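>>> Sequence plus the predicted model coming up.
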There are 2 protein chains.
Amino acid sequence: MSQNSAGPEILRLIELISRLPGLGPRSARRVALFLLKRRDTLLKPLADALAEAGEKIERCKVCGNFDTVQPCAVCQAGGREDALVCVVEDVPDLWALERGGAFRGRYHVLGGVLSAIDGITPDDLNIPSLVTRVEAGGIREVILALNATVDGQTTAHYVAELLEGKGVSVTRLAHGVPVGGELDHLDDGTLAAALRSRRDI
Amino acid sequence: MSQNSAGPEILRLIELISRLPGLGPRSARRVALFLLKRRDTLLKPLADALAEAGEKIERCKVCGNFDTVQPCAVCQAGGREDALVCVVEDVPDLWALERGGAFRGRYHVLGGVLSAIDGITPDDLNIPSLVTRVEAGGIREVILALNATVDGQTTAHYVAELLEGKGVSVTRLAHGVPVGGELDHLDDGTLAAALRSRRDI
């Protein structure tokens, strides 16, 4: 872009927006212009919300969730079973489980999965803190709700081995046909897993 | 999302991000998390850049471009032909023309196109200011560089009629085969236009 065409402030804004996931230079320009046209209704509120988030939101020291309170609201909430800990890859997975409302225990957010390619080792994740949490006692079952990807399953096996002999039962989510899903659209692995784990009606 | 799973600050941030073009609730959550994980390298710089843009950047009173100076840098720049005014739909079109560097006149940004469906009338666009600019004299040619869409072409015809008899020649961009384009991928309208406007080699 020529220096004359957009001032440094606009170029800087576009450059920062283009670093967001799913946005390239072209959509970043579109988003920047969209914001500039909605200065009072969107640009300024977003600037304020980001500034507030940057100041107030931090990782929960217990479970790794993002929140403005320490420990986070989920860790503090009453009526949840302390003996049941659900291990998730990242915060959106926690949000997904909470949207469903099927789980009423506590969480532990790893902040990622082990990956040889990306060089992510156990120390880069909240794995040591999970071991500490389990060793502190009071936990009966650890549910590994990690994604059914290669890295997710590698991480699950690693964590399961680490927790062996520490007096907790380690479980994983069931594989099977998604509710509302059509068999014709499922991969062979899922179908085979659903068949192996078949239930009496 | 359950009230427990994400604090009001995070929900507010996600809600604002989801209003940006091309981002739904799911990608907004992804972007919010991406930002929260990069607090110092991306979240805070973006908050600052947005706040600065909200304070400093405004529409140029002459041409409708966005800039921090009044009139904008393109209107102020020396070595440009004042008698040649290129009318564009919006600021990204101005940026696109400037990237190419083929045009060295001035611009006039309409801020949109006429649209019966969206209820956009001439008074919603920078059309009156274009007429005033032409009537003030000193302009020889107005190039209508509007998008080759129905609304773009309707607007071009409307502006061309408005400028009739005001002593300026009104032109539009040529239609034809894009440089590097393949005939097989072009629509019939473009092919027909390219054939009608054929040139001697």
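Thanks, I have the structure now. Computed from a predicted model, the values in this text were never measured in an experiment.
>>> Mind naming the longest strand for chain A?
If you go by DSSP state E, chain A has its longest strand at strand A:81-88.
>>> ok, the residue most central in space within chain A - contacts?
Residue closest to the mean C-alpha point of chain A, counted by C-alpha atoms, centre = their mean, is A:Asp90 at 1.9 Å. By C-beta atoms under 8 Å, 6 or more residues apart in numbering or on different chains, the contact list for A:Asp90 reads A:Val109, A:Leu110, A:Gly111, A:Gly112, B:Leu33. For glycine as for every other residue, the C-beta is placed from the backbone atoms N, C-alpha and C.
>>> can you pull the contacts of A:Val159?
So A:Val159 contacts A:Val87, A:Ile127, A:Leu130, A:Val142, A:Leu144, A:Val170 (C-beta under 8 Å, 6+ apart).
>>> same thing but 7 Å
Residues near A:Val159 by C-beta atoms under 7 Å, 6 or more residues apart in numbering or on different chains: A:Val87, A:Ile127, A:Leu130, A:Leu144.
>>> next SSE after whichever strand or helix holds A:Glu52?
Applying DSSP states H and E as the criterion places A:Glu52 in helix A:44-56. Per DSSP H and E, the first helix or strand lying C-terminal to helix A:44-56 is strand A:58-59.
>>> what's the helix or strand of chain A with the lowest mean pLDDT packed up against?
Ranked by mean pLDDT, DSSP states H and E, the helix or strand of chain A with the weakest confidence is helix A:188-196, at a mean of 85. If contacts are counted by 3 or more C-beta pairs under 7 Å, 6 or more residues apart in numbering or on different chains; DSSP states H and E, helix A:188-196 sits against no helix or strand.
>>> Which neighbouring elements make contact with the one helix or strand A:Pro128 maps to?
In the assignment (DSSP H and E), A:Pro128 maps to helix A:127-135. If you count contacts as 3+ C-beta pairs under 7 Å, 6+ apart, helix A:127-135 packs onto helix A:150-162.
>>> list the buried ones in the helix it packs on?
A:Asp151, A:Gly152, A:Thr155, A:Ala156, A:Val159, A:Leu162 (16 or more other C-beta atoms under 10 Å in any protein chain shown).
>>> returning to that earlier point: from the contacts of A:Val159, which two are the most distant?
A:Ile127 and A:Leu144 (11.6 Å; C-beta to C-beta).
>>> quick one, which of those two is more surrounded?
A:Leu144 (23 against 20; other C-beta atoms under 10 Å in any protein chain shown).
>>> so which helix or strand takes in the more buried one?
strand A:141-145.
>>> picking that back up, okay, the residue nearest to the centre of chain A: pLDDT?
Looking at A:Asp90, its pLDDT is 92.
>>> Repeat that for A:Ser5.
63.
>>> Likewise for the one 4 residues further on?
A:Glu9 is assigned a pLDDT of 90 by the prediction.
>>> And it, how far from B:Ile117?
34 Å (C-beta to C-beta, to the nearest Å).
>>> Compare the two and say which is more crowded by neighbours.
A:Glu9 (17 against 6).
>>> show me what contacts the more buried one?
B:Glu52, B:Ala53, B:Lys56, B:Ile57, B:Thr68.
>>> Intersect those residues with the contacts of chain A.
Checking the contacts of A:Glu9 against chain A by C-beta under 7 Å from any C-beta of the partner chain, the ones in range are B:Glu52, B:Ala53, B:Lys56, B:Ile57, B:Thr68.
>>> could you dump the residues you listed to CSV with neighbour count and distance to A:Arg104?
Shown next, in CSV, are the ones next to chain A among the contacts of A:Glu9 (neighbours: other C-beta atoms under 10 Å in any protein chain shown; distance: C-beta to C-beta, whole Å):
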residue, neighbour count, distance to A:Arg104
B:Glu52, 15, 45
B:Ala53, 24, 44
B:Lys56, 13, 50
B:Ile57, 22, 48
B:Thr68, 16, 53
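>>> Considering those residues, which is situated nearest to B:Thr41?
Lowest distance from B:Thr41 to the ones next to chain A among the contacts of A:Glu9 (C-beta to C-beta) belongs to B:Glu52, with 17.5 Å.
>>> pLDDT value on that closest one, please?
So B:Glu52 comes in at 95 (pLDDT).
>>> what's the closest non-adjacent residue to it?
In this structure, B:Glu52 finds its nearest non-sequential neighbour in A:Glu9, 5.7 Å apart by C-beta to C-beta, 6 or more residues apart in numbering or on different chains.
>>> pLDDT below threshold where in chain A?
Along chain A, the parts satisfying pLDDT under 70 run over A:1-5.
>>> could you redo the last one with a cut-off of 50?
Judged by pLDDT under 50, chain A has its weakly predicted residues at A:1-4.
>>> domain assignment for it?
A:8-56, A:66-200 (automatic domain parsing).
>>> and A:Gly189, how many neighbours?
Neighbours of A:Gly189 (other C-beta under 10 Å): 10.
>>> One more: A:Leu46?
A:Leu46: 24 neighbours (other C-beta under 10 Å).
>>> And A:Lys37, by the same measure?
Applying other C-beta under 10 Å, we find 16 residues neighbouring A:Lys37.
>>> Please state the backbone phi and psi of it?
Backbone torsions of A:Lys37, given as degrees, to the nearest 10, read phi -80, psi -20.
>>> ok, of the contacts of A:Asp90, which one's closest to B:Val74?
Using C-beta to C-beta, these come closest to B:Val74 at B:Leu33, 38.2 Å.
>>> Do I have it right that the closest one meets A:Val91?
Yes. Judged on C-beta atoms under 7 Å, B:Leu33 makes contact with A:Val91 at a distance of 5.7 Å.
>>> between these two, which one's more packed in?
Neighbours were counted for B:Leu33 and for A:Val91 using other C-beta under 10 Å; A:Val91 has more, 27 against 19.
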